[in-house]
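Q: Pasting the sequence and the predicted coordinates here, then a few questions.
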Amino acid sequence: MLKIVLTIAVIAAVYFFLIKKPKVTQKRQERAEAEKRKPGKDEEIMVECEKCGTFVSSHEAIIVGGKYYCSKSCAGVK
Ligand SMILES: [Zn+2]
């Protein structure tokens, strides 16, 4: 009788182990993917103006010759 109970316990343990493990892995993958998506989703990064050193968002920055500028006057464009 004890052997049967032990066998059931082992089967149950293996069963739960196999059921639970993929769920945890899936959750971790989802979280990793969510974190991966974050920078791509909102790609606004702060960049330093090449001339005056002011930090501006990449959306507002003016890129001239591969360098970031906070304003047109800093970039030297009219
Ligand atoms: Zn500037």
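A: Right, received. Where do you want to start?

Q: Pick out the residue closest to the middle of the protein.
A: When Cα atoms, centre = their mean is applied to the chain, the residue found nearest the centroid is E35 (2.0 Å).

Q: Which helix or which strand is home to that residue?
A: helix 2-41 (DSSP states H and E).

Q: mind checking how far that helix is from the chain centre?
A: Counting by Cα atoms, centre = their mean, to the nearest Å, helix 2-41 is centred 22 Å from the centre of its parent chain.

Q: Now tell me which helix or strand of this protein has the poorest mean pLDDT.
A: The helix or strand of the chain with the poorest confidence is helix 2-41; it has a mean of 78 (mean pLDDT, DSSP states H and E).

Q: So which residues on this protein come close to the ion?
A: Residues of the chain lying near the ion by Cβ under 5 Å from the ion: 49, 51-52, 54, 70, 74. Yep, even glycine has a C-beta here, placed from its N, CA and C like the rest.

Q: Separate out the buried members of those.
A: Using 16 or more other Cβ atoms under 10 Å as the burial test, the residues of the chain next to the ion include 49, 70, 74 as buried.

Q: In helices, which of those residues appear?
A: If you go by DSSP state H, these have C74 in helices.

Q: Could I get the buried ones among the residues of the chain next to the ion in TSV, plus columns for pLDDT?
A: Shown next, in TSV, are these (pLDDT from 0 to 100):
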residue	pLDDT
C49	96
C70	96
C74	96
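
Q: follow-up on the earlier one: let's see which of the residues of the chain next to the ion end up in strands.
A: Nothing among the residues of the chain next to the ion maps onto strands, per DSSP state E.

Q: Tabulate those residues (TSV), appending distance to K3.
A: Formatted as TSV, these follow (distance: Cβ to Cβ, whole Å):
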residue	distance to K3
C49	76
K51	81
C52	80
T54	76
C70	77
C74	81
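
Q: Need the distance between the two termini of stretch 58-65.
A: Counting by Cα to Cα, to the nearest Å, you get 15 Å between the two ends of stretch 58-65.
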